[in-house]
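S.K.: From the sequence below, what's the structure:
(2 chains)
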Amino acid sequence: MAEPVAEESPHIVIENLRFRRGRKVIFEDLSMRIPRGQVTTVMGPSGSGKTTLLRLIGGQLRPDGGRIWVDGQEVARLSTRRLYALRKRMGMLFQSGALLTDLSVFENVAFPLREHTDLPEDVLRTLVLLKLEAVGLRSARDLDPASLSGGMARRVALARAIALDPDLIMYDEPFTGLDPITMGQIVTLIRRTNQSLGLTSVLVSHDVTEAMTISDHVVLIADGRAVDAGAPDDLRARASDWSAQFLEGRPDGPVPFHYPGDSYREDLLGVRERRDD
Amino acid sequence: MIDAIASLGRSSLNALVVFGRAFLFLLQVLASLDIVIRRFGLTVVQIYSVGVRSLLIIIVSGLFVGMVLGYQGYITLVNFGAAEALGGVVALSLVRELGPVVTALLFAGRAGSALTAELGLMKTTEQLSAMEMMAVNPYRRIFAPRFVAGFVSMPLLAAIFSAVGVIGGYIVGVGMLGVDSGAYFSQMQSVTDWNEDVLSGVIKSIVFGFVVTWIAVFQGFNAMPTSEGISRATTQTVVVSSLAVLGLDFILTGLMFGTG
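M.R.: Numbering: from 1, shown residues only, chains lettered A, B, ... in the order given. Take a look at the predicted model:
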């Protein structure tokens, strides 16, 4: 069952995705479309499985049900060879950067090129310097990943992710734990990379402000489903109770402040229901 | 009572699951071995870090073990007026048992734990995941070269251990206790058999190298991605591979030297 690929067809289609980890259900019935050539942010509370979603798209995890198509190919059904071929056209930016700690900044960016191409050394050097220049770290090429700040590591990882000129790039929580200046740099970079390389960008984030400014399309997920989707302005205009709580950051509402459990009064009085195992 | 049986059952099942995972992991690594020929450089780097950097501890330990053997052997032998047989005693003990076994134990402590910690950290910091997402298979790029490096290095280290041990025995026996130098080596030559002694030692050290590296690489791959997980995996590597080496040594000795 191949999804037809037309020029304007979505880059990623997810239908009725189910995924559980142990007994915990992460996705119950998740469906979404990620448009080609745009910046799409998947937002949701912590623990809503955003990172898991990226791993499912990248084929590192297998869904328990439902389907994911990337570029018209159903990820879970690909052979290892085809999956690896698909991944060459995907870049992924991990939250930590996930740089290879035994290689310098230059070698980290060169890594995918060395693994997948037979480029002569001088061409490779030019390519790597181009990518590093794009993220503003050309002069940091001899540094050790351990000596980079979080923001710099993420920029190096971005340079590495675009080394093979992918047509899809996924960002896992790109704004977490950054100071305002670095945040600004990353926001600009994501936007600029998307425009200049004409690729599809998928972000998962819970930083509402940044995500809303940067995105063309936003999908909100909660309780294993997509609860809302649309352009940022539309979403603000017609937000449901839940979306409004999330987008405005109210502490209580449809999502309760308290972790569900026995009543506070009973707990304090020591009346505890015996649980059947 | 029921609880005790249930928990026993659960832990045996868990152990079986881990064993199964380890076996599947080994198969995946073995299926990726062509990379070792295609990109030999990767393995050479690992042989350096696993083998060459273990040299110092192996040489120093070998020397001391040989010296102790020289002393103990002399003390016993001199009672029977057979101090000249010292060379044979030292060489046989080293080549048959102490060389492969002590080297494997040291190798587990030095190289095995380092392998586990390195791979566990790579897993924790998502480096292995990142590699997969860059369409680079970590079994080929990371695990296979380390695996081969481990079991190539082990027999060589064991040989070096035995050779240095013989010198240690010589220093004590001939240098300090006055055993005749010519007798030390001629005894050694006449007592030690190539197939029976040397080759069986080499086979042992290959088996130990295989097992220790398998355990170390698997523990790193299987580590919980937390700092506690890495420390547990590292400890497990040393404990499990030491026990495996000693247990296997008994079995291999039985197979090689058993009568009947």
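S.K.: Up against chain A, what does the stretch 1-150 of chain B have?
M.R.: Contact residues, the stretch 1-150 of chain B versus chain A (CB under 8 Å from any CB of the partner chain): B:121-122, B:125-127, B:129-137, B:141. For the C-beta atoms, the positions are set from N, CA and C on the backbone; glycine is no exception.
S.K.: and with 7 Å instead?
M.R.: Residues of the stretch 1-150 of chain B found near chain A (CB under 7 Å from any CB of the partner chain) are B:Thr125, B:Glu126, B:Gln127, B:Ser129, B:Ala130, B:Glu132, B:Met133, B:Met134, B:Ala135, B:Val136.
S.K.: So which of those residues belong to helices?
M.R.: B:Gln127, B:Ser129, B:Ala130, B:Glu132, B:Met133 (DSSP state H).
S.K.: Can you tell me which of those residues has the most neighbours?
M.R.: Highest neighbour count within these, by other CB atoms under 10 Å in any protein chain shown: B:Ala130, with 26 neighbours.
S.K.: Check the secondary structure at the residue nearest to it when sequence neighbours are not counted for me.
M.R.: Spatial nearest neighbour of B:Ala130, excluding adjacent residues (CB to CB, 6 or more residues apart in numbering or on different chains): A:Ala98 at 3.7 Å. In three-state terms, and counting by DSSP: H, G, I helix; E, B strand; the rest coil, A:Ala98 is coil.
S.K.: Look at residue 192 and report its pLDDT.
M.R.: Just going to use chain A. Per-residue confidence (pLDDT) for A:Arg192: 88.
S.K.: To clarify, I was referring to chain B.
M.R.: On the pLDDT scale, B:Thr192 gets 91.
S.K.: Quick check on it: phi, psi?
M.R.: Main-chain torsions, B:Thr192, degrees, to the nearest 10: phi -80, psi 130.
S.K.: I'd say it and B:Ser93 touch.
M.R.: No - assessed by CB atoms under 7 Å, B:Thr192 is found out of contact with B:Ser93, at 10.8 Å.
S.K.: how close does the residue nearest to B:Ala130 sit to A:Leu56?
M.R.: Look at A:Ala98 and A:Leu56: by CB to CB, to the nearest Å, they are 18 Å apart.
S.K.: what comes into contact with the helix or strand where A:Asp233 lies?
M.R.: For A:Asp233, the element it lies in under DSSP states H and E is helix A:232-237. Identification of contacts with helix A:232-237 by CB atoms under 7 Å, 6 or more residues apart in numbering or on different chains yields A:Met212, A:Ser215, A:Val218, A:Asp228, A:Ser243, A:Leu247.
S.K.: Now A:Ala226. Nearest residue, chain neighbours left out?
M.R.: Using CB to CB, 6+ apart, the nearest residue to A:Ala226 is A:Met32, at 4.9 Å.
S.K.: what about that neighbour, which SS state?
M.R.: With three-state DSSP as the basis, A:Met32 sits in strand.
S.K.: With the one 10 residues further on instead?
M.R.: Under the three-state scheme (three-state DSSP), the conformation of A:Val42 reads as strand.
S.K.: and it, what is it in contact with?
M.R.: With the criterion set at CB under 7 Å, 6+ apart, A:Val42 makes contact with A:Lys50, A:Leu53, A:Val202, A:Val204, A:Val219, A:Ile221.
S.K.: Now, these that are in strands?
M.R.: A:Val202, A:Val204, A:Val219, A:Ile221 (DSSP state E).
S.K.: Could you give the bridge partners of A:Met43?
M.R.: Beta-bridge partners for A:Met43, by DSSP bridges, are A:Ser205, A:Leu220.
S.K.: which strands and helices sit next to the lowest-mean-pLDDT helix or strand in chain A?
M.R.: Between all helices and strands in chain A, the lowest mean by mean pLDDT, DSSP states H and E belongs to helix A:241-248, at a mean of 78. Counting contacts by 3 or more CB pairs under 7 Å, 6 or more residues apart in numbering or on different chains; DSSP states H and E, helix A:241-248 packs against strand A:217-222, strand A:225-230.
S.K.: hang on, the earlier thing: what is the nearest of the contacts of helix A:232-237 to chain B?
M.R.: Relative to chain B, the closest of those is A:Ser215; by CB to the nearest CB it sits at 22.0 Å.
S.K.: How about the closest one: what's its closest non-neighbour residue?
M.R.: Per CB to CB, 6+ apart, closest to A:Ser215 is A:Thr41, 4.3 Å.
S.K.: repeat for A:Ser48
M.R.: With CB to CB, 6+ apart as the criterion, A:Ser48 has its nearest non-adjacent residue at 5.4 Å, and that residue is A:Ile221.
S.K.: give me every residue that touches that neighbour.
M.R.: A:Ile221 makes contact with A:Leu30, A:Val42, A:Gly44, A:Ser48, A:Val227 under the criterion CB under 7 Å, 6+ apart.
S.K.: distance of it from chain B?
M.R.: Going from A:Ile221 to chain B by CB to the nearest CB, to the nearest Å gives 21 Å.
S.K.: now that residue: how far from A:Arg236?
M.R.: In terms of CB to CB, A:Ile221 sits 17 Å off from A:Arg236.
S.K.: Also B:Thr43?
M.R.: Applying CB to CB, the value for B:Thr43 to A:Arg236 is 57 Å.
S.K.: For A:Arg21, list each beta-bridge partner.
M.R.: When bridges are called by DSSP bridges, A:Arg21 pairs up with A:Lys24.
S.K.: If I look at it, what pLDDT would I see?
M.R.: Predicted confidence (pLDDT) for A:Arg21: 86.
S.K.: can you tell me how far it sits from chain B?
M.R.: 14 Å.
S.K.: How much space separates the most centrally placed residue in chain B from chain A?
M.R.: Centroid-nearest residue in chain B: B:Ala104, 2.4 Å away (criterion: CA atoms, centre = their mean). Relative to chain A, B:Ala104 is positioned 26 Å away (CB to the nearest CB).
S.K.: give the contact list for the residue lying closest to B:Lys204 once chain neighbours are set aside.
M.R.: Counting by CB to CB, 6+ apart, B:Pro100 is the residue found nearest to B:Lys204 once chain neighbours are left out, at 4.0 Å. Applying CB under 7 Å, 6+ apart, we find B:Pro100 in contact with B:Ala158, B:Gly201, B:Lys204, B:Ser205, B:Phe208.
S.K.: could you dump these to CSV with neighbour count, pLDDT and secondary structure?
M.R.: Output for the contacts of B:Pro100, formatted as CSV (neighbours: other CB atoms under 10 Å in any protein chain shown; pLDDT from 0 to 100; DSSP: H, G, I helix; E, B strand; the rest coil):
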residue, neighbour count, pLDDT, secondary structure
B:Ala158, 30, 95, helix
B:Gly201, 26, 92, helix
B:Lys204, 27, 94, helix
B:Ser205, 26, 94, helix
B:Phe208, 28, 96, helix
